[in-house]
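Whatever this is, show me its structure:
(2 chains)
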Amino acid sequence: MNQSNSKVIGLALLVILILISLFSVKFGAVSISIQEIGNAFTHLIQGTEITDLNERIFMQIRLPRVIMGIFVGAALAVGGVLMQALFRNPIVEPGLIGTSSGAAFGAAFYFVLGATFKLNLGEWTLPIAACLGGIVSTMLVFYLSQSKNGGKSSVVSLLLTGIAINALFLSGVGFLSYIARDPQARSITFWNLGTLSGAYWEGLLIVAIVTTFSILLSLRYAKQLNALMLGEQEAQLLGISIFQLKIKILLINVVMVAVATAFVGVIGFVGLIVPHLLRMINGSDNRFLIWSGALLGAIVLTASDLTARLILSPAELPIGIVTSLIGVPVFIILLRRTNYFF
Amino acid sequence: MKKYLVSFLLLTVLVSCGRFSNKDEKQENEERIVCISKQYSEIIFALGAEENIVAVDLSSTYPPEIKDLPTIGYHRALSTETILAMKPTLILHDNNIGPEQVVTQLEELQIPMKTFGNYQSTIAGTDSLIHEMGDYFGKTEKAKALVEKLKSDMNLALEEGKKFTSKPKVLIIHFGRASNVYLVMTKNSVAAKMVEWAGGEMAVEAEGQMKQLSPEVVAAANPDIILLTDFGYDQLSQGNEIEKLPGIAATKAFQENKIFRVEEHDMVYIGPRTGENVLQLQKLIHPDESK
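Okay, here's the model as predicted:
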């Protein structure tokens, strides 16, 4: 890896992200003029109330949505980087250890049985249910993968337990959609395709704080993850406690991914492809991958959301459809063109 | 690379045709109503009050001319901006809309929303709804006429019903099938009421409005008549798929060639045409005894 190279890439990603965000803020089902955007900010700075409908749409719907896309994209991509590094496995994505299937189960539980169990914390009920589901399932994976002798779980058993628990929770989601009434079943389907359309400032604030904090924290472990890429025993010889590193990375990942998923639903593929795209460009130093992953993840999700809103405008597609629809061909083309080894 | 681009563009063209691309031809209207309820939509058109309707949801499919209006998508997967792009001065909905966050956003933006009274899904309940909507749109007389028509059609149908000597078993399959499981309309559905009025009985005893049932249950129920809603029927009838469906060939309905297509919007809510639709159903269920 080349230091100046990664700076250039970083700068380029930053510029692209800013451009796409600007596009994304301006274009959508409702067209918002630059002047209206300016007015909205003037009102915000002066502390006066916004009365114009378009300005309010910008402030209350469009802007939080775009920023939510940036943070969720960053969270998913960095989650992907961390998990692929930890498991030293290219097919790993951030939801692998049960996080997204657990979150999906939490959400489905709320949709179908929320009224029966009188779960009601207003607009926070769904995110809390999903987040709890994600955390519980991940804890379960971690607990079950501990081997009896010594209590230390090997990476492989963690991976396999993750796959098994994912299947378990997804069958739970399947059962809930089976017993659900039609509208509830549809809610589950759409939640599992993800959408940024419900973004609001309070939720955004939580996602932003958790994501920023987690990414900064994970940068501290980048070097240790680099050492781990050599192999578990080699890393231990370098004085790294694999068990501690594993717990820390898993905790960072589960909190970051569970919170992001809780607010926007399951969005696939971003966490899988973004780390690979970056490795194709500039090698697999995790110090580089973490921060550039955050930028590229934000770009990919913001661009997908823009596409989701414009392709059928004024209607919009669930974003999970778009990330795969566009992500897959791009990914395959790149894979065929480059001489890429994990 | 080009290949991918072409297929992608093709896909874009494909998805952008259909009702999403309908032009908004009512730009000049001062009052702009978005209606997110198939039942409301049909009643509004029947009242002749559709002038200010600028967009409807995807499931509003009756009358046929409603398909010229732009749509704002599926009623459980709404997007705030899609609705606002129609510049609505009023949103009509029947509380069956989602996701919740979109409703919250619309409320926060203070977009006027209205739901008519929550009447029972019966003929009497629908009468009240039509009256209320008639008063609301200033079409009181037309509403009276619609209610009269509905009542007289229903009376006619119930009179007819008294003559029937048998009670055929009817199975209603919705949306065709997915992986060999049938989505069947059950006891509490509007369709079940209509079948009863038309002098039939539901072939399958199950609670709720719809249930996914296995082909075994369908075969064991041995319905005399099978009704398939439009989407499933059209999809399946192309390659004579219906006879190949598991569990269907064993039924009396199949052997006597009594598998029929029904329109979804005739069967899932009670509206001004329900009486007519029941009379139509009677022709399918009792071909020899009804007029």
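
going forward, measure contacts between C-alpha atoms and count neighbours the same way
OK.

How confident is the prediction for residue B:178, by pLDDT?
Confidence at residue B:178, expressed as pLDDT, is 57.

Next: the one 3 residues further on.
At residue B:181 the predicted local distance difference test score is 73.

Now for the closest residue to chain A within the stretch 101-250 of chain B: which residues touch it?
Nearest residue of the stretch 101-250 of chain B to chain A, counting by C-alpha to the nearest C-alpha: residue B:101, 5.3 Å away. By C-alpha atoms under 8 Å, 6 or more residues apart in numbering or on different chains, residue B:101 lies in contact with A:123, A:198.

How is it classified with respect to secondary structure?
Judged by DSSP: H, G, I helix; E, B strand; the rest coil, the three-state class of residue B:101 is helix.

Tell me, how many residues neighbour residue 158?
Let's take chain A. 21 (other C-alpha atoms under 10 Å in any protein chain shown).

you looked at the wrong chain, it should be chain B
Residue B:158: 18 neighbours (other C-alpha under 10 Å).

do the same with residue B:220
13.

That one sits in which helix or strand?
Per DSSP states H and E: residue B:220 is located in helix B:215-221.

Can you point out the buried residues in that helix?
Applying a neighbour-count criterion of 16 or more other C-alpha atoms under 10 Å in any protein chain shown, the buried positions in helix B:215-221 are B:215, B:218-219, B:221.

circling back: the residue of the stretch 101-250 of chain B closest to chain A and residue A:126: what is the separation?
10 Å (C-alpha to C-alpha, to the nearest Å).

next one: residue A:40
Residue A:40 is 30 Å from residue A:126, by C-alpha to C-alpha.

got the contact list for the worst-scoring helix or strand of chain A on mean pLDDT?
Within chain A, no helix or strand scores below helix A:182-191, which has a mean of 80 by mean pLDDT, DSSP states H and E. Here helix A:182-191 makes contact (C-alpha under 8 Å, 6+ apart) with A:104, A:107-108, A:111-112, A:177-178, A:264-266, A:318, B:76-77, B:96, B:98-99, B:210.

Residue A:13 falls within a helix, correct?
Yes. Counting by three-state DSSP, residue A:13 is located in a helix.

Can you name the residues that contact it?
A:292, A:295-296, A:299.

Among those, name the ones in helices.
A:292, A:295-296, A:299 (DSSP state H).

Residue A:3 - how many residues pack around it?
Applying other C-alpha under 10 Å, I find that residue A:3 has 9 neighbouring residues.

Helix or strand: which one has residue 223?
Defaulting to chain A. Per DSSP H and E: helix A:222-228 holds residue A:223.

Counting by contacts, list what that helix packs against.
Using 3 or more C-alpha pairs under 8 Å, 6 or more residues apart in numbering or on different chains; DSSP states H and E, the elements in contact with helix A:222-228 are helix A:63-87, helix A:232-237, helix A:286-310.

Pick out the residue in the stretch 1-150 of chain A sitting closest to chain B.
residue A:30 (4.8 Å).

any idea what that residue is structurally, helix, strand or coil?
Under three-state DSSP, residue A:30 comes out as coil.

so it touches residue B:88, yeah?
No. Residue A:30 is beyond contact range of residue B:88, at 11.9 Å (criterion: C-alpha atoms under 8 Å).

what residues are shared contacts of these two?
Joint contacts of residue A:30 and residue B:88 (C-alpha under 8 Å, 6+ apart) do not exist.

Now do stretch A:167-179: everything it contacts.
A:98, A:101-102, A:104-105, A:108-109, A:112, A:137, A:184-185, A:188, B:212.

Can you check these and name whichever has the most neighbours?
In terms of neighbour count, residue A:98 stands highest of these at 33 neighbours, by other C-alpha under 10 Å.

Could you count how many residues lie near residue B:194?
24.

correction: residue B:256
Neighbours of residue B:256 under the rule other C-alpha under 10 Å: 10.

got it, and residue B:52?
Neighbour tally, residue B:52, other C-alpha under 10 Å: 16.

and the residue of the stretch 1-150 of chain A closest to chain B, what is it in contact with?
Contacts here follow C-alpha under 8 Å, 6+ apart; on that basis residue A:30 touches A:54, A:314, B:81-82, B:84-85.

quick one, phi psi at it?
phi -100, psi 130 (degrees, to the nearest 10).

what's the answer for residue B:212, then?
phi -90, psi 120.

Now residue B:92: which helix or strand?
Secondary structure from DSSP H and E places residue B:92 in strand B:90-93.

do the same with residue A:159
helix A:155-179.

What's the mean pLDDT across that helix?
Averaged over helix A:155-179, pLDDT sits at 88.

Likewise for stretch B:283-291?
The model assigns stretch B:283-291 a mean pLDDT of 83.

same deal with stretch A:32-43?
Per-residue pLDDT over stretch A:32-43 has a mean of 90.

cool, stretch A:19-26 as well?
93.

SS state for the residue of the stretch 51-200 of chain A found nearest chain B?
Nearest residue of the stretch 51-200 of chain A to chain B (C-alpha to the nearest C-alpha) works out as residue A:198 at 5.3 Å. For residue A:198, the assignment made with three-state DSSP gives coil.

That one contacts residue A:65, correct?
Yes. With contact defined as C-alpha under 8 Å, residue A:198 counts as touching residue A:65 (7.5 Å).

Please report the distance of residue B:220 from residue B:203.
In terms of C-alpha to C-alpha, residue B:220 sits 10 Å off from residue B:203.

how about the nearest residue to the residue nearest the centre of chain A, chain neighbours excluded?
Taking C-alpha atoms, centre = their mean, the centroid of chain A lies closest to residue A:76, which sits 2.6 Å from it. Nearest residue to residue A:76 in three dimensions, chain neighbours excluded: residue A:271, at 4.8 Å (C-alpha to C-alpha, 6 or more residues apart in numbering or on different chains).

where does the residue of the stretch 101-250 of chain B closest to chain A land on pLDDT?
We have a pLDDT of 83 for residue B:101.

likewise the one 10 residues further on?
At residue B:111, the predicted lDDT confidence score is 91.

Give me the below-cutoff pLDDT ranges for the stretch 51-200 of chain B.
Along the stretch 51-200 of chain B, segments meeting pLDDT under 70 span B:175-180.

for the stretch 1-150 of chain A, same thing?
Residues of the stretch 1-150 of chain A that meet the cut-off, pLDDT under 70, sit at A:1-2, A:147-150.

Report the residue ranges of every domain in chain B.
B:28-115, B:161-285 (automatic domain parsing).

Could you tell me the end-to-end distance of the last one?
Just to be clear, that refers to domain B:161-285. End residues of domain B:161-285 are separated by 11 Å (C-alpha to C-alpha).

Residues of the stretch 151-291 of chain B that sit close to chain A?
For the stretch 151-291 of chain B, the contact set with chain A under C-alpha under 8 Å from any C-alpha of the partner chain comprises B:210, B:212.

Please, where are all the helices along the stretch 151-291 of chain B?
B:190-197, B:215-221, B:230-237, B:252-255, B:264-267, B:274-285 (DSSP state H, counting those that start in this stretch).

Let me have those helices in JSON lines, adding distance to residue B:120 as columns.
Listed next are the helices of the stretch 151-291 of chain B as JSON lines, based on distance: least, C-alpha to C-alpha, whole Å:
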{"stretch": "helix B:190-197", "distance to residue B:120": "11"}
{"stretch": "helix B:215-221", "distance to residue B:120": "30"}
{"stretch": "helix B:230-237", "distance to residue B:120": "26"}
{"stretch": "helix B:252-255", "distance to residue B:120": "32"}
{"stretch": "helix B:264-267", "distance to residue B:120": "16"}
{"stretch": "helix B:274-285", "distance to residue B:120": "15"}
